[in-house]
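>>> I need the structure of the sequence given here:
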Amino acid sequence: MTSQLNPYLGFDGNAREAMEFYRSVFGGELTMNTHGEFGNDDPAFRDKIMHARLDTTDGYTLMGADMMPGASAPSGDAFSVSVTGDDPKLREYFDRLAEGGQVSVKLEKQMWGDEFGQLVDRFGVAWMVNIGQPQG
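I've put the predicted structure just below:
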C-alpha cells in the first residue's frame, strides 16, 4: 500500500481562482467539484468549490476547497508549501507565485549553497522554494 502527503489549502470563497492560478504556474490537470454538483442547492455555497485537485506535470499534487460560509479562516502562518529540487524552472515558479504577493526572502544563493526564497502569494498561501545544485 502506498501513501501520499500533499497540501490541502482552504480558501475564503476564491478557491476556483486560486487553483486556476496554481495550474497556470505549475501546469497539469485540474479537477474541481462544487457543492452544487453534489446536490447542495443552498445559494450561499452551491457554486463554491467543495474539492479541487491539481496534479502537475512535475508530479506535485495540490488540493484545495472553499471554506463554508461563516467558518473562520485557518491561520496560514504556521506552515509553508515547500517546493525543492535542482530544476532551474523552480525560479520561474517562484517568480509566478510572487505575482501580486509579497516576497519575504528574495530568491538568491544562501550560505548552504542553494538558492532559496520565501513568499506569500496573492491568496495568502506561504511558499518556500529551494533550488539545490545538480548532483554528479
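
>>> Please count neighbours and contacts with C-alpha atoms only from this point.
OK.

>>> can you pull out the helices in the protein?
In the chain, the segments counted as helices under DSSP state H are 15-26, 89-98.

>>> how many neighbours does Gly124 have?
Number of residues near Gly124 (other C-alpha atoms under 10 Å) recorded here: 15.

>>> Okay, it and Gln4: tell me how far apart.
Distance, Gly124 to Gln4, by C-alpha to C-alpha, to the nearest Å: 24 Å.

>>> picking up where we left off before, do you know which of the helices of the chain lies nearest Val120?
Among the helices of the chain, the nearest to Val120 by C-alpha to C-alpha is helix 89-98 (7.2 Å).

>>> Break the protein down into its domains, please.
8-66, 81-131 (automatic domain parsing).

>>> how about the ones you listed in TSV, adding mean pLDDT?
Below are these laid out as TSV (pLDDT from 0 to 100):
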stretch	mean pLDDT
domain 8-66	94
domain 81-131	96
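
>>> Find out how far stretch 50-69 is from the centre of the chain, if you would.
8 Å (C-alpha atoms, centre = their mean, to the nearest Å).

>>> Correct me if wrong: Met19 contacts His51.
No: counting by C-alpha atoms under 8 Å, Met19 does not reach His51; the two are 10.4 Å apart.

>>> With only the CA atoms kept, save stretch 120-136 in CSV.
Output of stretch 120-136 as CSV, limited to C-alpha atoms (Å, rounded to 0.1, in the frame of the first residue of the first chain):
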residue,chain,number,x,y,z
VAL,A,120,3.2,34.7,0.5
ASP,A,121,1.2,34.6,-2.7
ARG,A,122,-1.8,36.8,-3.5
PHE,A,123,-4.1,34.2,-2.0
GLY,A,124,-2.3,34.3,1.4
VAL,A,125,-0.5,30.9,1.0
ALA,A,126,3.1,30.9,2.2
TRP,A,127,5.7,29.2,-0.1
MET,A,128,9.3,28.3,0.1
VAL,A,129,11.4,27.5,-2.9
ASN,A,130,14.8,25.8,-2.6
ILE,A,131,16.9,25.2,-5.7
GLY,A,132,19.8,22.8,-5.0
GLN,A,133,22.8,22.3,-7.0
PRO,A,134,22.6,19.4,-9.5
GLN,A,135,24.3,16.3,-8.1
GLY,A,136,27.1,14.5,-10.0
